[in-house]
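Enquirer: 3D model of this:
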Amino acid sequence: MTSPHRPIPPPVNEIWKTFLTTANRVDPERTITSFELRASKETRAIAPAPQPPPVSMSDLPSVPVLTQSVAPGDMAGTDFEVTGVLGEGGMGRVLLARQKSLQRDVALKVLKAAETSRDVVDTLLAEAIITGSIEHPSIVPVHALGRDKEGLPVLVMKRIDGVSWRSLFNDPAHPAWASLAIDEGDRLDAHLEILEAVCNAAHYAHTRGVVHRDIKPENVMIGGFGEVYLVDWGIAVRKADLEQQDDAAMYGPPVGTLAYMAPEMAMGDLGRIDARTDVYLLGATLHFILTGKPRHEGDTTLEVLFSARDSEEVAYGPNVPAELASICNRAMHVDPDERYQSALELRQAITSFCRHRGSLALSEKAFSKLSEIQSAQDAAGAVHDRRMYQAMTECRFAFMQALDAWKGNQDARRGLDAVLERMIEYEMAQRDVESARALLADLSEVRPDIEKRIDALVLEMEAAKVREAKLRAMERDADLRIGARFQLAILTVLPVSASVAFGVMLQRGQHQATQKQLILFPTVVLMLLVGAFFLLRARLTTAVSRKAFAMFALFPMATLLHRAFAIARGTDVASIVMTDLVIVAVVAAAFAITILPRVALVTGLFGAGAVVAYLFPAYATHIFTGSTVLGTAGLIVFWGRMVAQERTM
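Expert: Residues are numbered from 1 along each chain as shown. The predicted model follows:
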């Protein structure tokens, strides 16, 4: 098989060639032991010889074990009565036994009848001594090490009534979950608590110079009350023993579980085996918990070995929290110097994640909400919807809660900035500069670009205010309703004056006004208007009201001038009055065009009066007076409506 991977060092190359002659028959998830390699003719030459144990069998106390094969006469002195088999491995068996003296169940690890060679005995003794030397709550206690009546080693251990972590993972309905996890839907917290306990056990072993080399879910037991045990120390080694090896023995075949192996284990580089090797295995175990798959997979053993050797960074899916993915990849880094330097450091990272996992969950939920907002806004093409702003407020609150729970949640900080920017856009669209500035102050970093836009908006709004003020002033200047009551009072001067003048004529028995009267009456009206202007000009606050007053004054002024010139030319009274009606009609038309279109009706009235005066010249004065009274009465009606509107303003 041709591999694209980097070359394998010559000693490892030869070892791998020998190892692969049989390894393709090996389950990648099963532990490969030195015992198995020595037991195979193909791999015996590359298998490392076991280190001589620090004790000999003759030094061990006798541990009589009662089995069904023991004769009744040999039962005396036996403290352990075998009641069953708990498990079986390559070279040994684990028996369930009753210790009569203490009335308790224990586990006895013994050799198989066919496996009693010196190598096998030394291997079990080494395991017993290593396990017994590291007393920890998460390491199965060793009660005793002795020899049976055949002189073979017997390892007496605490009987663990529980289930393997792997079995628990594979069975979501297992009864043991009742004591481990409250939330049936999310059991990650329970798995991480188990892993933290395993990290503690591994770290304790490392402080005693022991490296486990086979940490995986199958080798973790969960007791009936949630106790966690790191078991099967069969291939564990002491770092001090490895350092005593000569150079020729520094490379060996892969020992351990291929699917979880660290690169230095796959390369058989015994000189690099240390606590960081177990850190890798702990990371590979976390990988399994997160994905449900072993760290290394392949169609052949060589592919699995290459995967272990290269240990490329894993790209986890969105269902794996980013921080936990980072922890996992760092623990499984190909370079031991880049990993967590101890199992304790790894446990602290996991503990830190667990403490702020709630914060991460909040930020993930908020990001989901933010994504919905972004999609809705992109579809709508606007950010002015009030309901959308309410959704952004809720999203902002969720990110703030996440940051309150964990100040270091950078995802929540980025999310909060993103939603704040959208809220700023909304406030700017609503022209709410103060709110926009308040939101800008909450951003994690200074944003000169947004600040410039807000400043530009302020200038734009100030300019708009100036324009609006000018428009309001112009509208006010053109609003006849302002000061309408004063204008109405001025209007009443005309019909009252005309009525008084007509009354004087009737009292004197006149049918036509005299030339003197023609001059006197408009003069009096004009003087009254001028006097009213000087006395009450403060009421004329708008341009249109001043124009209207000027138009009112134009009526008597125009007729006065016309009458003066007409009398000077010797024009008769009837013709003068008829022409006055035409002049007044023209002035009214100008009023209608420039100020109040409804005055056009009055224009028609004066025009009709001029025609009637032409037809009946003898009644010209009567017609003029009547037209004046009726015309100004119409204006008074129009102004009366504006007075009512002025009161409601």
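Enquirer: alpha carbons only for contacts and neighbour counts from here, please
Expert: OK.
Enquirer: for residue 94, which residues make a bridge with it?
Expert: residue 87, residue 109 (DSSP bridges).
Enquirer: ok, and residue 389, which helix or strand is that part of?
Expert: helix 386-405 (DSSP states H and E).
Enquirer: For that helix, report the contacting residues that lie outside it.
Expert: 356, 358-363, 365-367, 369-370, 373, 383, 409, 412-413, 415-416, 419-420, 422-423, 426 (C-alpha atoms under 8 Å, 6 or more residues apart in numbering).
Enquirer: Just the pLDDT for residue 304.
Expert: On pLDDT, residue 304 comes in at 89.
Enquirer: quick one, what contacts it?
Expert: 28, 258-259, 296-298.
Enquirer: one more time with 6 Å, if that's ok
Expert: 296-298 (C-alpha atoms under 6 Å, 6 or more residues apart in numbering).
Enquirer: ok, of these, which come out buried?
Expert: Taking 16 or more other C-alpha atoms under 10 Å as the criterion, what is buried in these is 296-297.
Enquirer: Helix or strand for residue 229, just tell me which one.
Expert: Counting by DSSP H and E, residue 229 is part of strand 228-230.
Enquirer: I'd like the distance from whichever helix or strand comes after that strand to the chain centre, please.
Expert: For strand 228-230, the following helix or strand on the C-terminal side (DSSP H and E) is strand 237-238. Centroid separation for strand 237-238 versus its chain: 48 Å, with C-alpha atoms, centre = their mean, to the nearest Å.
Enquirer: Tell me which strands strand 237-238 pairs with, and in which orientation.
Expert: The strands beside strand 237-238 in its sheet (DSSP bridges) come out as strand 210-211 (antiparallel).
Enquirer: which non-adjacent residue is nearest the spatially most central residue of the chain?
Expert: Central residue of the chain (C-alpha atoms, centre = their mean): residue 367, 2.9 Å from the mean position. With sequence-adjacent residues excluded and distances taken as C-alpha to C-alpha, 6 or more residues apart in numbering, residue 367 is closest to residue 415, at 6.6 Å.
Enquirer: shaky segments in the stretch 51-200 of the chain?
Expert: Where the stretch 51-200 of the chain drops to pLDDT under 70, the residues are 51-53, 64, 66-77, 90, 114-116, 181-185.
Enquirer: So residue 154 sits against residue 110, correct?
Expert: Yes. Contact status for residue 154 versus residue 110: in contact at 5.2 Å, counting by C-alpha atoms under 6 Å.
Enquirer: circling back to that earlier point, specify the next element, helix or strand, located C-terminal of the helix holding residue 389.
Expert: In N-to-C order, the element after helix 386-405 by DSSP H and E is helix 410-429.
Enquirer: can you state the direction angle for that following helix and helix 386-405?
Expert: Helix 410-429 and helix 386-405 meet at an angle of 150 degrees, taking axes from the mean of the first three to the mean of the last three C-alpha atoms, to 10 degrees as the criterion.
Enquirer: tell me what helix 410-429 is packed against?
Expert: helix 386-405 (3 or more C-alpha pairs under 6 Å, 6 or more residues apart in numbering; DSSP states H and E).
Enquirer: Can you list the buried residues in the helix it packs on?
Expert: 388-389, 392, 394-396, 398-403, 405.
Enquirer: if we can go back for a sec, mind giving me the ChimeraX select for the contacts of helix 386-405, buried ones only?
Expert: Buried residues among these (16+ other C-alpha under 10 Å), as a ChimeraX selection:
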select :356,359,360,362,363,365,366,367,369,370,373,383,409,412,413,415,416,419,420,422,423,426
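Enquirer: What segments of the stretch 251-400 of the chain are helices?
Expert: 263-266, 275-291, 301-310, 322-331, 343-355, 357-380, 386-405 (DSSP state H, counting those that start in this stretch).
Enquirer: rank the ones you listed by pLDDT, which is bottom?
Expert: helix 357-380 (a mean of 82).
Enquirer: I would like the residues contacting that one, please.
Expert: 395, 398-399, 402, 405-406, 412.
Enquirer: Same list (those residues) but as a markdown table, adding distance to residue 606.
Expert: Formatted as a markdown table, those follow (distance: C-alpha to C-alpha, whole Å):
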| residue | distance to residue 606 |
| --- | --- |
| 395 | 72 |
| 398 | 77 |
| 399 | 77 |
| 402 | 82 |
| 405 | 86 |
| 406 | 87 |
| 412 | 81 |
